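> coordinates for the following, if possible.
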Amino acid sequence: MTRSPTVLVVGGGATGAGVARDLARRGIDVALVDRGGLGSGTSGRSHGLLHSGARYAESDPVGAEECIEENHVIREIAGECVRDTGGLFVELAADDPAYFDAKRAACEDVGIPTTVLDAAAVRERVPDIAPDVERAMAVPDGVVYPSRLVAANAAAVEANGGTVHPHAPLEALTVEDGRVLAATIGGRVDATFEPAFVVNAAGAWAGDVAAMAGVDVEMAPARGAMVAVDHGALGPVLNRCREPEDGDIVLPHADEVVLGTTSVPVDDPDEYERADWERARCVEECAAMLPAVADAEVTRTWWGVRPLYAPDEADTDRRGISRGFFALDHADDGVANLASVVGGKLTTYRRMAEATADLVADHLGVDEPSTTADATLPGADDPDRLDAFADRYDARNPSDANLYDAAR
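Purely as a prediction, here's the structure:
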């Protein structure tokens, strides 16, 4: 069987689903495929933080500004895909107060609202915070439920005339005379697609997809561990206010908190070690902020792989690699109808999608602008409908598995 969508998007995480949604809203015939359930790569194996941008304010002000802008957008369009927790950047006695002051100044420069709380005010917000807390900075962090977010974007694709195909792996690309002529799709689809354009949104696997077309996309994936423990009393997200390190974030998730994370380079995003020391490290370091988690029951543990793009990057643990995103036009590499979108963060998925869709629309001669920042996602105000979408696209993944456990 042969199908001919105008655009084939490979990769059904948040960014790929976002690209397909954006294109479909512009009236472009689009098909979205993923080798597994939607969000089963990086999106559904994250800690689910909705960044305020404060984490990157001093090291990457452009990325931080993108985060705070998209933070506002996601809250507007995604409804029950988001939990508005707020966040605190916590300074403990061992932490450098100059770092705290520099981060707050950088947040102000970028436009991230902050409020400084003294130790007593922090304890009022988080009664079981560490006894050596000095102060904290309140920022508009939140928690995202990736399963709902990805599935709602996929539902928007279908509502605008596109098609969505989970469990439909890309098996091969046929390239002739500098163009992708065909894509062999297996699994539930088992068909050949002949698209006018292909978008590679495969995240940590983007290098593998690009290689099928004879193009180099230099990914530098890094694994990170997340540990969920039984602790239902936490209100805001807690961030350790120090240089990024293992175990410096605690996120409230329903009746659990999620402790994270580590950063360890991997060669293969499918085959990598899940080390016990990473679990222990997350618990030990996060317990410095929230001591009760040291003895709390571990309810689940999972790893994700960050889709870092780093040509010529030698960073040993990959923490220093930019979390910015890149929309790569492979016309520059000799394949005129292929683009890759790499890097980025869950919080900026919609902006990544818009930039990529703009590139595709330009190639196709489509003048319709992006409208995704102003359009509410399907089911945004109905958690039951969102969860039904997650079932439809097999999008229930480790990041928010307890959301469904609690509902049963």
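
> buried residues in stretch 92-110, which are they?
For stretch 92-110, burial by neighbour count (16 or more other CB atoms under 10 Å) applies to Leu92, Asp95, Phe100, Lys103, Arg104, Ala106, Cys107, Val110. The C-beta positions use only the backbone N, C-alpha and C, and glycine is treated the same way.

> among the residues you listed, which one lies nearest to Gly39?
Val110 (28.8 Å; CB to CB).

> hang on, the closest one packs against Ala57?
Yes - counting by CB atoms under 8 Å, Val110 does reach Ala57; the two are 5.3 Å apart.

> find residues that contact each of these two.
Ala64 (CB atoms under 8 Å, 6 or more residues apart in numbering).

> what's the spacing between the residue nearest to the spatial centre of the chain and Gly18?
In the chain, the residue lying closest to the centroid (CA atoms, centre = their mean) is Leu346, at 2.4 Å. As judged by CB to CB, to the nearest Å, Leu346 and Gly18 stand 10 Å apart.

> before we move on, what about Tyr145?
Taken as CB to CB, the span from Tyr145 to Gly18 is 15 Å.

> repeat for Ala191
Noted for Ala191: a distance of 24 Å to Gly18, by CB to CB.

> same check, this time on Val250
Separation of Val250 from Gly18 (CB to CB): 28 Å.

> low-confidence ranges in the stretch 251-400 of the chain?
Applying pLDDT under 70 to the stretch 251-400 of the chain picks out residues 312-323.

> now with 50?
By pLDDT under 50, the weakly predicted segments of the stretch 251-400 of the chain are 314-319.

> strands of that one, start to end?
Shown for the stretch 251-400 of the chain, the strands assigned by DSSP state E, counting those that start in this stretch span residues 256-260, 264-265, 298-306, 325-329, 338-343.

> just want the angle from the last one to strand 325-329.
Interaxial angle, strand 338-343 versus strand 325-329 (axes from the mean of the first three to the mean of the last three CA atoms, to 10 degrees): 170 degrees.

> quick one: residues in contact with strand 338-343.
Counting by CB under 8 Å, 6+ apart, 15, 19, 180, 197-201, 203, 206, 209-210, 213, 215, 217, 219, 307-309, 322-331, 352-353, 355-356, 359-360, 363 sit against strand 338-343.

> can you give me the offset of that strand from its chain's centre?
15 Å (CA atoms, centre = their mean, to the nearest Å).

> ok, it: who's next to it in the sheet?
Applying DSSP bridges, strand 338-343 is found paired with strand 197-200 (parallel), strand 325-329 (antiparallel).

> what comes up buried for stretch 144-162?
144-158, 160, 162.

> only C-alpha atoms, please: export it in CSV.
What follows is stretch 144-162 as a C-alpha-only set of coordinates in CSV (Å, rounded to 0.1, in the frame of the first residue of the first chain):
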residue,chain,number,x,y,z
VAL,A,144,3.5,19.0,33.1
TYR,A,145,1.7,15.7,32.5
PRO,A,146,3.5,14.7,29.3
SER,A,147,1.0,11.9,28.5
ARG,A,148,-1.9,14.4,28.3
LEU,A,149,0.1,17.1,26.5
VAL,A,150,1.4,14.8,23.8
ALA,A,151,-2.0,13.1,23.3
ALA,A,152,-3.9,16.4,23.2
ASN,A,153,-1.5,17.6,20.4
ALA,A,154,-2.1,14.4,18.5
ALA,A,155,-5.9,14.8,18.9
ALA,A,156,-5.5,18.3,17.4
VAL,A,157,-3.7,16.8,14.4
GLU,A,158,-6.6,14.5,13.7
ALA,A,159,-9.1,17.2,14.4
ASN,A,160,-7.4,19.2,11.6
GLY,A,161,-7.4,16.5,9.0
GLY,A,162,-4.0,14.8,9.7
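
> just the ones of the buried residues of stretch 144-162 in strands?
Among the buried residues of stretch 144-162, the residues falling in strands (DSSP state E) are Val144.
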